[in-house]
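Need coordinates for the below:
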Amino acid sequence: MLSSATITAFASEGPCDIYARAKTPCVAAHSLTRALFGNYSGNLYQVRRADGQTKDIPVEEAGGFVKSSVQDDFCAGSKCTISIIYDQSSYKNDLKKSPPVFWLKDGAKEADANRAPIYISGRKAYGFYRDAWSATGYRNNETKGVATGDEEESMYMVVDGKHYNDLCCFNYGNAETTGNDDGPGTMECIYFGSDKDWGGPGQGNGPWVAADLEDGVFKGNDAGYMWGRTHTTPWPNALSIEADYVTAMLKGPNDGTFKLKGGSAQKGALNTMWDGPRKRGYSPRKLQGAIVLGNGGDGSDGGAGTFFEGVMTIGNPPDSVDDLVQANIVAAGYGSKIDISKKVEIEPFKDTLTIPGKIEAENYDKGGNGRGFLDSDIENENSLYREDNAGLDSADGAIIYGWGYANDWLRYTVKASKNDSITLTARVSSPSDSTFFSVLIDEKNVATVMVPNTGDWKKFETITVSVPAIAEGAHVLKIKIDKPYFNLDWIEFAVATSQTESIKFTRQAAASQVYTVYDVLGNRVTSFQANENAIRNIWDKVRINMPGGIYVIKTMNKTIRISNIK
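Numbers count the residues shown, from 1 in each chain. Reported below is the predicted structural model:
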């Protein structure tokens, strides 16, 4: 993982700034998600609505992320396609749907603009999604600045690591201006997928990064049509990439070699998949300088994939620059619903809260999503009560917490005074059965609160559970959702009743505890709270929505094996 300092360092520049410093500048910079130059403030792409009207989709700010709300507003109630992917470089090598080429006799179609929604650093964005044989793809046969002949170049693309196939060819890079297969070395594109026929297998089952150098999808120094049918020994360094988002990189020096790199676009460094000679007859290259996205050099239409960003350079940068570019991609936050580009220090929202004492749900710590709270559905945010909103609402004149999903949490800085044991009371509401949350002190679970079905979202009840002694001093308290959906107004810690009183009332109170239900494979299914006399009645309610089978119910001092007969 990158440190927060590293993330901050790369947040103010784009990969093309890094390449420029290495004197291997970008001659093409295409992205639907973010600016690839630190000072780029223009449009990323254009969409076309079904009525023929078009709209440019900009960045939020210079060097920033896409302002996808422009697309959402413009396309609401209609279908939109991607009509232009703008080149952010000074060469303006924009990509439009492919003109007629060998395998796309009528030219390509524009891709559905709404097919691939994602999040990047807490923001909604879209990608270019293509199915096999969909006739979608983008191309520019009249470029400027792109490598031709045997000029050095490099390129990368960021793609969806789970959307691919084994057909030819989901590509990005340098292709023939003729739109035909003009033979070995007349194109140089980065490929992502699980092809074996054109280049043989890599390690594992794929997907792999490869180079489409024409008439072969190369993971090493040999490939060709149906080559993989007879060459079944896996390329030793062509590792399968198992990641949600992938960085695929191809480097093309003019010394008769090429280099492939790949890895997760969310973490870590790139692995070198090939660094060696080209196949005989592929050097010197005969590059023509067209740019293609989604198809083969001759328009081959079988590939499937999703593209988010890509860059082509003139010149071949050193490996140290590749590392900086990969760090920049990781720092962009692909797939993250948390805005990692804006670091806010974690501190109490108002004052340090106390135990014993009442904790209002809405007074979670400052720090934002992923630090002061975790909200996995950022679309529920609003400006109610505070700006960094974790999903707050109002009821009966009070601010409450709701809209949470499983594993979301709220964080509080607390200070505990000396105590022996305490009780925790929560004011909650829910129209659902079997919802519950956990209370953690310094990441250790100290209480599980089963939320009763109160019949309505805004009909609140209080429920009290016992909590073991909490050490005197400063702590981090978290309220973590285990099973949604419910609303929470507050929790309150109170000193447990005196020993004399507890003896008088202990029989029923001590028997009330949490029961956890597991299936026969040991997987946790649900939990419920009951005293020992009422366990059968509560279980009869819980099991209504569970499939038939054998279940094990465990508590701190008892294990029960029970059947759920349907």
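
Would you confirm that Thr232 contacts Gly200?
Yes - judged on Cβ atoms under 8 Å, Thr232 makes contact with Gly200 at a distance of 6.9 Å. Any C-beta I mention is one placed from the backbone N, CA and C, and that applies to glycine too.

Next, the contact list for the most centrally placed residue in the chain, please.
In the chain, the residue lying closest to the centroid (Cα atoms, centre = their mean) is Gly335, at 1.7 Å. Residues in contact with Gly335 (Cβ atoms under 8 Å, 6 or more residues apart in numbering) are Ile118, Tyr119, Ile120, Asp244, Tyr245, Gln266.

cool, Asp319 as well?
Asp319 neighbours (Cβ under 8 Å, 6+ apart): none.

so what's Gly367 scoring on pLDDT?
We have a pLDDT of 87 for Gly367.

Now do it against Pro348, distance only.
Note on Gly367: its distance to Pro348, by Cβ to Cβ, to the nearest Å, is 10 Å.

if you go through the stretch 101-250 of the chain in chain order, where are the strands?
117-120, 123-126, 128-130, 138-140, 153-160, 171-175, 188-193, 208-212, 217-218, 245-252 (DSSP state E, counting those that start in this stretch).

Looking at the ones you listed, which is nearest to Tyr515?
Of all the strands of the stretch 101-250 of the chain, the one in closest proximity to Tyr515, counting by Cβ to Cβ, is strand 117-120 (36.9 Å).

what's that closest one packed up against?
Under the contact definition 3 or more Cβ pairs under 8 Å, 6 or more residues apart in numbering; DSSP states H and E, strand 117-120 sits against strand 123-126.

What mean pLDDT does the strand it packs on get?
For strand 123-126, mean pLDDT is 95.

shaky segments in the chain?
Residues of the chain that meet the criterion pLDDT under 70 lie in 1-11, 340-343, 377-381, 497-513, 519-525, 527-528, 531-551, 555-566.

more crowded one of Thr232 and Gly200?
Gly200 (27 against 9; other Cβ atoms under 10 Å).

ok, now which ones touch that one?
Each residue near Gly200 by Cβ under 8 Å, 6+ apart is listed here: Lys219, Gly220, Asp222, Ala223, Trp227, Gly228, His231, Thr232, Thr233, Pro234, Trp235.

same check, this time on Cys75
Val47, Arg49, Ala113, Asn114.

Out of those, who's the most crowded?
Neighbour max across these (other Cβ under 10 Å) = Ala113, 26 neighbours.

what sits against that residue?
Val47, Gln71, Cys75, Cys80, Thr81, Ile82, Tyr126.

if you look at these, which of them are in strands?
Under the assignment DSSP state E, the contacts of Ala113 contribute Val47, Cys80, Thr81, Ile82, Tyr126 to strands.

ok, of those, which one's closest to Gly294?
Nearest to Gly294 among the ones in strands among the contacts of Ala113: Ile82, at 10.6 Å, using Cβ to Cβ.

Any idea what the closest one is bridged to?
Val47 (DSSP bridges).

any idea how far Phe37 is from it?
Plainly put, Ile82 is 21 Å away from Phe37 if you go by Cβ to Cβ.

Next: Gly302.
34 Å.

Of these two, which one has the most company?
More crowded of Gly302 and Phe37, by other Cβ under 10 Å: Phe37, with 21 against 18.

give the contact list for that one.
With Cβ under 8 Å, 6+ apart, Phe37 has these contacts: Gly14, Cys16, Asp17, Cys26, Ala29, Gly63, Gln88, Ser89.

Return the closest of those with respect to Leu104.
For the contacts of Phe37, the minimum distance to Leu104 (Cβ to Cβ) is 24.9 Å, reached by Ala29.

Mind jotting down where the helices sit in the stretch 401-550 of the chain?
Remark: helices assigned in the stretch 401-550 of the chain by DSSP state H, counting those that start in this stretch are 499-511, 535-542.

for stretch 193-208, which positions count as buried?
By 16 or more other Cβ atoms under 10 Å, the buried positions in stretch 193-208 come out as 193-202, 206-208.

Stretch 240-255 now?
By neighbour count on 16+ other Cβ under 10 Å, the buried set for stretch 240-255 is Ser240, Ile241, Ala243, Tyr245, Val246, Thr247, Ala248, Met249, Leu250, Lys251, Gly252.

how about those residues in JSON lines, adding distance to Lys458?
Shown next, in JSON lines, are those (distance: Cβ to Cβ, whole Å):
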{"residue": "Ser240", "distance to Lys458": "51"}
{"residue": "Ile241", "distance to Lys458": "48"}
{"residue": "Ala243", "distance to Lys458": "43"}
{"residue": "Tyr245", "distance to Lys458": "40"}
{"residue": "Val246", "distance to Lys458": "45"}
{"residue": "Thr247", "distance to Lys458": "47"}
{"residue": "Ala248", "distance to Lys458": "50"}
{"residue": "Met249", "distance to Lys458": "54"}
{"residue": "Leu250", "distance to Lys458": "57"}
{"residue": "Lys251", "distance to Lys458": "60"}
{"residue": "Gly252", "distance to Lys458": "63"}
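
show me what contacts the closest residue to Glu188 other than its chain neighbours?
The spatial neighbour of Glu188 that comes closest, neighbours along the chain excluded (Cβ to Cβ, 6 or more residues apart in numbering), is Asn174 at 4.6 Å. Contact analysis of Asn174 by Cβ under 8 Å, 6+ apart lists 146-147, 153, 155, 187-189, 287-291, 312.

Same list (those residues) but as CSV, adding distance to Ser320.
Below are the contacts of Asn174 laid out as CSV (distance: Cβ to Cβ, whole Å):
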residue, distance to Ser320
Val146, 24
Ala147, 21
Glu153, 18
Met155, 18
Met187, 28
Glu188, 22
Cys189, 24
Leu287, 25
Gln288, 30
Gly289, 27
Ala290, 30
Ile291, 26
Met312, 19
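
and the two most separated of those?
Farthest apart among these by Cβ to Cβ are Met155 and Gln288. That separation is 15.1 Å.

which one of these two has more residues nearby?
Applying other Cβ under 10 Å to Met155 and Gln288 shows that Met155 carries more neighbours, namely 25 against 20.

Is the more buried one bridged to anything, and to what?
Listed beta-bridge partners, Met155: Leu250, Met312 (assigned using DSSP bridges).

shouldn't it be in contact with Ala175?
No - counting by Cβ under 8 Å, Met155 does not reach Ala175; the two are 11.5 Å apart.

Find the residues that touch each one of these two.
The contact sets of Met155 and Ala175 overlap at Cys189 (Cβ under 8 Å, 6+ apart).

Please identify the helix or strand for Leu324.
helix 319-332 (DSSP states H and E).

circling back: right, and the pair among the ones in strands among the contacts of Ala113 with maximum separation?
Thr81 and Tyr126 (11.5 Å).
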